[in-house]
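> Got a predicted model here, sequence first, then my questions.
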Amino acid sequence: MSLSQNISQRAKRLREWLIESTAGLQAFLTMLRHSNLPKVAALLALGFGLAGLAISLVQGEKTFTSFWIGVWWAVVTMTTTGYGDFYPVTALGRFIGVIAMLTGLVLVSFFTATISSLFVAAKIREGKGLEQVRYHDHIVICGFGMLTRRLLDALIVFDRDTPVKVTLIAEVPGEDAEELISEYQRLELKFVRGDWTHEAVLKRAGILNARTVVVMPDESIQTTGLRDEKTILTTLAVKALNPKVRLIAHITQADNRVFLQRAQADEIFVADELTSYLLASRTLTSGLPQAARDMFTIESPTRLDVVDLPPELAGKTFAQAAFYFFDKGAILIGLTREETPLEASDILSADSGALDEFIRRKFQEAGFGSADKTLTRARINPSRDAIVDERDKGFVIGKVV
């Protein structure tokens, strides 16, 4: 990683930390306003003031020369600190001191218990999946099952620099969620309980600040068609809340792909989509299924991966980039980049005629011309003379050394 990339990454982490810390502080202040803590604090302050006033009036001006010295004595006494710099000398003053001590024990205990109860309640709500997630630029996974476990395992393997922040939305008991969080400690995993087709649940998962959303089939639904219907509904709900987020949908029936495309899903995976091809290849020849298993198994040292290209490869040919990775013990098989799709303004004139407005409207209806949306362009085995762009990433087989 170059120095500029390292600085950029650290700046991004600092920005995310500041955003999350600010959101957490705002949520804490909101929680305080809706709790009994302000009333308890006001009652404690009133006790300090009354005790300070009483001791100032009783002891006269020789020892307690001002009201604020009396308040200082009241705070020290009622919190059982007892500095001893000021103390009553008359019988009535000592009686007031005893009353202040006993009252302070009750009020201070009540105050600290109220603060503790707020944190305990928040922790309990978080364990039950009812607390608001305040992550920024995180991954939201909708649905839990064996496929989700494999996805979490893969995120751990692909994590190179910092732990991935993940929010899991699922309808599982709190005990199972706590075990899951403990099992995947290498991930910054948060749990939200609820139906992920509901906007309130999605908002609680931080969907408005998410980087990527992965919608998995609901394995609790036995009918495959109904599973895909829930995936489609979730896609519509997510895109309505956050059109910018990158959404990856997993479905069980290929016929439902068109509905997800209309719902603006960025990437669509169909279960067992490659099975027939691998079975046919295994029937006619041998080796391809094994090669595919090696390339798409998480633990395999020769798995297919997407890596950042070194800055010095920008402007070089694909052949030169392939030789670079070959010397590093890996094989470069293609390039990928994220591009902004074609916009109507790219082909229309500055005039706003009726025909131009009609074409612009049709572009928008077709999903083009959105500055917030990017498209992934993948090129496998491009021409050896193809020029590597600075935005490109590489498809690599094997571990780069």
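Done, it's in. Just so you know, these numbers come straight off a predicted model, no measurement behind them.

> Remind me what the longest helix along the chain packs against, helices and strands.
Across the chain, the longest stretch assigned as helix under DSSP state H is helix 91-127. If contacts are counted by 3 or more C-beta pairs under 8 Å, 6 or more residues apart in numbering; DSSP states H and E, helix 91-127 sits against helix 3-33, helix 37-59, helix 67-78, helix 174-183, strand 188-193. To be clear about C-beta, it is placed using only N, CA and C from the backbone, and glycine gets the same treatment.

> Can you pull the poorly scored residue ranges out of this structure?
Within the chain, the segments meeting pLDDT under 70 span 1-34, 60-62, 124-128, 159-162, 174, 282, 339-375, 400-401.

> Could you find the closest non-adjacent residue to the residue nearest the centre of the chain?
The residue lying closest to the centre of the chain (C-alpha atoms, centre = their mean) is residue 138, at 2.9 Å. Nearest residue to residue 138 in three dimensions, chain neighbours excluded: residue 165, at 3.8 Å (C-beta to C-beta, 6 or more residues apart in numbering).

> Please work out how many residues are found near that neighbour.
21 (other C-beta atoms under 10 Å).

> ok, the closest residue to residue 263 other than its chain neighbours to residue 214 distance?
With sequence-adjacent residues excluded and distances taken as C-beta to C-beta, 6+ apart, residue 263 is closest to residue 235, at 4.2 Å. Residue 235 is 11 Å from residue 214, where distance means C-beta to C-beta, to the nearest Å.

> overlap in contacts of these two?
residue 247 (C-beta atoms under 8 Å, 6 or more residues apart in numbering).

> higher neighbour count, the two?
Between residue 235 and residue 214, counted using other C-beta under 10 Å, the more crowded position is residue 235 (27 against 22).

> Please tell me I have it right and the more buried one contacts residue 260.
Yes - contact criterion C-beta atoms under 8 Å: residue 235 and residue 260 qualify, at 5.9 Å.

> any common contacting residues for these two?
What both residue 235 and residue 260 touch, as defined by C-beta under 8 Å, 6+ apart, is the set residue 249.

> how does this structure divide into domains?
For the chain, automatic domain parsing gives the domain ranges 35-127, 139-273, 300-397.

> Tell me which of these sits nearest to residue 284.
Closest to residue 284 of the domains of the chain is domain 139-273 (C-beta to C-beta; 19.3 Å).

> show me what contacts the residue lying closest to residue 66 once chain neighbours are set aside?
In this structure, residue 66 finds its nearest non-sequential neighbour in residue 56, 7.2 Å apart by C-beta to C-beta, 6+ apart. Shown in contact with residue 56 (C-beta under 8 Å, 6+ apart): 64, 66-67, 69-70.

> ok, those residues vs residue 51, which is closest?
Nearest to residue 51 among these, with distances taken as C-beta to C-beta, is residue 70, at 7.5 Å.

> what about that closest one, how many neighbours?
Neighbours of residue 70 using other C-beta under 10 Å come to 26.

> hmm, back to that, roughly how far does the residue nearest to residue 138 sit from residue 254?
Separation of residue 165 from residue 254 (C-beta to C-beta): 32 Å.

> now the residue nearest to residue 66: how far from residue 47?
15 Å.

> Residue 141 too?
On the measure of C-beta to C-beta, residue 141 and residue 47 end up 50 Å apart.
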